[in-house]
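Colleague: I'd like to go over a predicted model; first the sequence, then the structure.
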Amino acid sequence: MAAWLMRILPVWSRVRLGSVAGARFVSQTPSPGAAGSAAVSGLSPVEHSDDHGHVEVSVYEKNRDFHGFHKDPQVDVWNMKVAFFFGISVAIVIGGTFVHYLPDHGMRQWARREAERLIKEREAEGIAVLDGNYYDPSKIILPSAGDEE
């Protein structure tokens, strides 16, 4: 893979995109305004008036970048930035810290420590670490042959 990249890298360095990379392609066709199509930007907003003659103007007419936090555009943008900062950045940091310090899931670390403790204890006593019998056979009480009926 590395040898292949070493062969291809000099070839890519010689490739020149020319003026096409910085070019901006703009349509040169005439606008379809003469065809009679209605553009969205050409439509005037509908203003509603109530009984007292007051005109209700949409919040989007005053502030096209309305985020829904406040009617004032500057306060709206500031509140949006604060909400996203606390909602995303702080939540990720605090949430990550919370998940990191959660207790041992499934008690895996405890089981390993307990196994290491038992191995050290059995080695100190001279007992085999692993035995073929899970239970001590001298402590198992078996029924007699006559009790099987």
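Modeller: All right, it came through fine.
Colleague: contact partners of the biggest helix by length in the chain?
Modeller: Assignment by DSSP state H gives helix 108-125 as the longest helix of the chain. By Cβ atoms under 8 Å, 6 or more residues apart in numbering, the residues outside helix 108-125 that reach it are 104, 128, 129. From N, CA and C alone the C-beta is placed, and that goes for glycine too.
Colleague: cutoff 7 Å now
Modeller: Contact partners of helix 108-125, identified using Cβ atoms under 7 Å, 6 or more residues apart in numbering, comprise 104, 129.
Colleague: just stretch 78-96 next, same as before
Modeller: Residues contacting stretch 78-96 (Cβ under 7 Å, 6+ apart): 67, 69, 70.
Colleague: avg pLDDT for the longest helix of the chain?
Modeller: Averaged over helix 108-125, pLDDT sits at 95.
Colleague: now it - C-alpha only, PDB.
Modeller: Only the C-alpha atoms of helix 108-125 are listed here, as PDB (Å, rounded to 0.1, in the frame of the first residue of the first chain):
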ATOM      1  CA  ARG A 108     -16.700  -6.900  36.000                       C
ATOM      2  CA  GLN A 109     -14.000  -5.100  37.900                       C
ATOM      3  CA  TRP A 110     -15.200  -6.500  41.300                       C
ATOM      4  CA  ALA A 111     -15.200 -10.000  39.800                       C
ATOM      5  CA  ARG A 112     -11.600  -9.700  38.600                       C
ATOM      6  CA  ARG A 113     -10.400  -8.300  42.000                       C
ATOM      7  CA  GLU A 114     -12.200 -11.100  43.800                       C
ATOM      8  CA  ALA A 115     -10.700 -13.800  41.500                       C
ATOM      9  CA  GLU A 116      -7.200 -12.300  42.100                       C
ATOM     10  CA  ARG A 117      -7.800 -12.300  45.800                       C
ATOM     11  CA  LEU A 118      -8.900 -16.000  45.800                       C
ATOM     12  CA  ILE A 119      -5.900 -17.000  43.700                       C
ATOM     13  CA  LYS A 120      -3.500 -15.300  46.100                       C
ATOM     14  CA  GLU A 121      -5.300 -16.900  49.100                       C
ATOM     15  CA  ARG A 122      -5.200 -20.400  47.600                       C
ATOM     16  CA  GLU A 123      -1.500 -20.100  46.600                       C
ATOM     17  CA  ALA A 124      -0.600 -19.000  50.200                       C
ATOM     18  CA  GLU A 125      -2.500 -22.000  51.600                       C
END
